[in-house]
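> have a look at this fold, sequence not included:
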């Protein structure tokens, strides 16, 4: 992966496969503390402790079905390369929480890349799932919550082109606001 | 600044157009491989461009969706085009430049772009 936003796009596929109905993505840029955090939370079917171990290390079990791939190991590598870490908390029936941290200014930290592109694509491809995206830079932050959008839209689906365009503009404007 | 209230206007416009978009199920499907292998190879801009171009050209009978890993990771990004009643066509090593021709020649005019398909790479 060349950008962290692509890792996020990949990891969220796991939440979708786990039948999550609400997926939260956090991009927290603590520049003053030289810390970047990216977290993904879902309310999908969750994993046992054994399963969590096996998704972190692709060689942990000799699995028969190709259920688990390289998504989490690549994400973990990206975090550790920059002096950070990856942690997964999961509970069967409740969901999974993936936490990553990075050294913000570490030369080996991959760029975040087009996170807005990841968010808008996830919404467009999965219009029946709710996404909550939080982006913060130091003290400032904003949230995009598709449940709030749905309230306004009634039965109009989130993947309607005009809605996606609105979302993309919303993310862009709020990002600009964060850096002023 | 964007406000949630603007969505009301979008809703009304979309509801007015809704009937025109409904008959989508028997149309052409474009499947973009979006597993770890596809994403790493650059599938995201490919999928975005397909969606944008199809919207821009006002083509209504096409649905762009994502699919998983189909086992030919070395040929990613992979795009499959499924026209009802015809054999599925698998395009490999996709780039944004190839999309124009696939839309014009295959999706609109029904003639697969053979040189971009997996058959042209494998022999």
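Noted; the coordinates are in hand. Please read all numbers here as calculations on a predicted model, not as lab measurements.

> what's the helix or strand of chain A with the lowest mean pLDDT packed up against?
Every helix and strand of chain A was ranked by mean pLDDT, DSSP states H and E. The lowest is helix A:49-56, at a mean of 87. Helix A:49-56 sits against helix A:71-81, strand A:85-91, with contacts defined as 3 or more C-beta pairs under 8 Å, 6 or more residues apart in numbering or on different chains; DSSP states H and E. Yep, even glycine has a C-beta here, placed from its N, CA and C like the rest.

> so where's the chain uncertain?
All of this is about chain A. A:60-68 (pLDDT under 70).

> try again with chain B
In the predicted model of chain B, residues B:18-25, B:122-123 satisfy pLDDT under 70.

> contact partners for residue 2?
Since no chain was named, I'll use chain A. A:110, A:111, A:113, B:40 (C-beta atoms under 8 Å, 6 or more residues apart in numbering or on different chains).

> wrong one, chain B
A:166, A:169, A:170, A:173.

> burial count for the third one?
Think residue A:170. Other residues near residue A:170 number 21, with proximity taken as other C-beta atoms under 10 Å in any protein chain shown.

> and what of the second one?
Taking other C-beta under 10 Å as the criterion, the count of residues near residue A:169 is 13.

> for residue B:6, see how far away it is.
According to C-beta to C-beta, to the nearest Å, residue A:169 and residue B:6 sit 9 Å apart.

> in terms of helix, strand or coil, where does the residue lying closest to residue A:81 once chain neighbours are set aside fall?
The shortest distance from residue A:81 to any non-neighbouring residue, by C-beta to C-beta, 6 or more residues apart in numbering or on different chains, is to residue A:108 (4.5 Å). Under DSSP: H, G, I helix; E, B strand; the rest coil, residue A:108 falls in the coil class.
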